[in-house]
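Provide a 3D model corresponding to the input given below.
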Amino acid sequence: MNDLDNNLLNVINEDFSRENAAYNIRKDGVGIERNSTEDATIEPKKDKEGIDVYVKEGAEMAYVHIPVIITKGGFSDKVYNDFYIGKGANAIINAGCGIHNDVHADSSHNGIHRFFIEEGATVVYIEKHYGEGKGDGKKILDPVTEIHLKKNASLKMDTAQIKGVSSTIRTTKAFLEEGAKLEINEKIFTHEKQTAKTVFEVELNGNKSSAKISSRSVASENSHQDFISKVVGNSDCYAHVECDAIIKDKATVTSDPMIVANTVDASLVHEATIGKIAGEQLIKLMTLGLSKEKAEETIINGFLK
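So this is what the prediction gives:
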């Protein structure tokens with residue numbers, strides 16, 4: 001790995017460490033480093049691009065890192081990663097992709113991830129996306145995540161689109177059994193003419209299952225964002241979906257929520273707020289000596305923190 005590779009890796013996975021962790025580093029469509037541990041095993045797929053990650057039953061804390069970096073302009077990558085989390089295990093999984101593109105052809109990465117989380121297991125999944133480069137070619141990231149939560153299993157998913165991504169379609173589907181818990185915290189920043197579309201589809205099939213989905217985004221300049229969610233309650237369950245967006249300049253944001261209660265015991269809530277930066281916030285910071293631009297930057301950073 002060279003300096004460019006390491007810089008990309010530090011942006012998308014700043015906590016990456018080769019010590020006491022299983023990891024798979026993918027660069028320009030090829031796995032260049034791989035390691036397994038006693039608690040987590042990583043194996044390459046035999047029938048297509050991607051890996052299978054196995055966290056053993058009862059693992060006290062398994063650390064897994066699977067970053068992807070793309071440094072070739074005009075390069076397209078598609079990978080299938082499956083995660084099998086054993087009963088009662090605990091795991092922290094860091095993923096994400098960084099694209100550097102200095103040419104006029106588009107570069108893209110499409111990561112298709114499936115999680116099979118057994119009874120009583122707990123997973124924290126962290127995913128960051130980032131784009132950079134001097135070329136006019138787009139940096140395209142279209143992640144797909146499919147989550148299967150067994151009885152009393154839980155997954156917390158923190159995703160962030162930092163900057164520089166020209167176009168993204170982010171699709172997440174989840175299926176919850178009895179007592180399962182899902183928490184998703186999404187943060188997206190777009191500028192210039194960038195576009196971002198988020199699609200959530202969640203089915204709460206087991207009694208006492210719950211889901212909490214929070215999306216915070218900032219759209220500036222001429223960018224556009226779409227937020228689409230569909231939550232289906234098929235049991236005695238609870239879900240709360242929240243979409244908060246700040247718009248600047250000529251940017252636009254749409255929110256399209258759907259909640260479906262198929263039983264009287266389903267409690268489903270959706271909230272959406274879209275608006276500009278509050279004037280009183282700007283004034284307060286500007287009275288402290290900040291310029292308008294710096295005050296706006298401070299508010300946005302705090303909003304996306």
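
pretty sure residue 75 sits against residue 68.
No. With contact defined as Cβ atoms under 8 Å, residue 75 and residue 68 do not form a contacting pair (11.5 Å). The C-beta positions use only the backbone N, C-alpha and C, and glycine is treated the same way.

more neighbours, those two?
residue 68 (27 against 18; other Cβ atoms under 10 Å).

so for the more buried one, what's the pLDDT?
Looking at residue 68, its pLDDT reads 96.

and the one 5 residues further on, by the same measure?
Note on residue 73: pLDDT of 89.

secondary structure class of the nearest residue to it once chain neighbours are set aside, three-state.
Spatial nearest neighbour of residue 73, chain neighbours left out: residue 103 (3.0 Å); criterion: Cβ to Cβ, 6 or more residues apart in numbering. Recorded secondary structure, residue 103: coil (DSSP: H, G, I helix; E, B strand; the rest coil).

which residue ranges of the stretch 51-200 of the chain form strands?
62-65, 68-70, 76-85, 90-100, 107-117, 122-132, 139-141, 144-149, 154-161, 167-176, 181-190, 195-204 (DSSP state E, counting those that start in this stretch).

tell me the angle the top helix by length along the chain makes with strand 181-190.
Longest helix in the chain, counting residues (DSSP state H): helix 292-304. Inter-element angle recorded for helix 292-304 and strand 181-190: 160 degrees (by axes from the mean of the first three to the mean of the last three Cα atoms, to 10 degrees).

in TSV, list the strands of the stretch 51-200 of the chain along with distance to residue 40.
Formatted as TSV, the strands of the stretch 51-200 of the chain follow (distance: least, Cβ to Cβ, whole Å):
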stretch	distance to residue 40
strand 62-65	4
strand 68-70	18
strand 76-85	10
strand 90-100	7
strand 107-117	14
strand 122-132	12
strand 139-141	25
strand 144-149	18
strand 154-161	16
strand 167-176	22
strand 181-190	22
strand 195-204	27
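
wait, is residue 5 part of a helix?
Yes. Counting by three-state DSSP, residue 5 is part of a helix.

burial count for it?
Neighbours around residue 5, by other Cβ under 10 Å: 18.

show me what contacts it?
By Cβ atoms under 8 Å, 6 or more residues apart in numbering, the contact list for residue 5 reads 27, 69, 71.

hey, what's the second one bridged with?
When assigned by DSSP bridges, residue 69 has beta-bridge partners residue 27, residue 98.

before we move on, what about residue 112?
Bridge pairing for residue 112 - DSSP bridges - gives residue 80, residue 144.

mind listing what it touches?
50, 78, 79, 80, 81, 143, 144, 146.

any of those buried? List them.
Among the contacts of residue 112, those classed as buried by 16 or more other Cβ atoms under 10 Å are 50, 79, 80, 81, 143, 144, 146.

dump these to a markdown table, plus pLDDT and distance to residue 239.
Formatted as a markdown table, the buried ones among the contacts of residue 112 follow (pLDDT from 0 to 100; distance: Cβ to Cβ, whole Å):
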| residue | pLDDT | distance to residue 239 |
| --- | --- | --- |
| 50 | 96 | 30 |
| 79 | 96 | 30 |
| 80 | 97 | 28 |
| 81 | 98 | 26 |
| 143 | 96 | 22 |
| 144 | 97 | 21 |
| 146 | 98 | 18 |
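
any idea which of these is closest to residue 178?
Residue 178 lies nearest to residue 146 out of the buried ones among the contacts of residue 112, by Cβ to Cβ, at 19.4 Å.

returning to what we had before: so which of the contacts of residue 112 would you say is closest to residue 153?
Taking the contacts of residue 112 together and measuring to residue 153 by Cβ to Cβ, the closest member is residue 146, at 14.4 Å.

skipping adjacent residues, who's closest to the closest one in space?
Going by Cβ to Cβ, 6+ apart, residue 146 has residue 114 as its nearest residue, at 4.6 Å.

and the one you found, how many neighbours does it have?
Neighbour tally, residue 114, other Cβ under 10 Å: 17.
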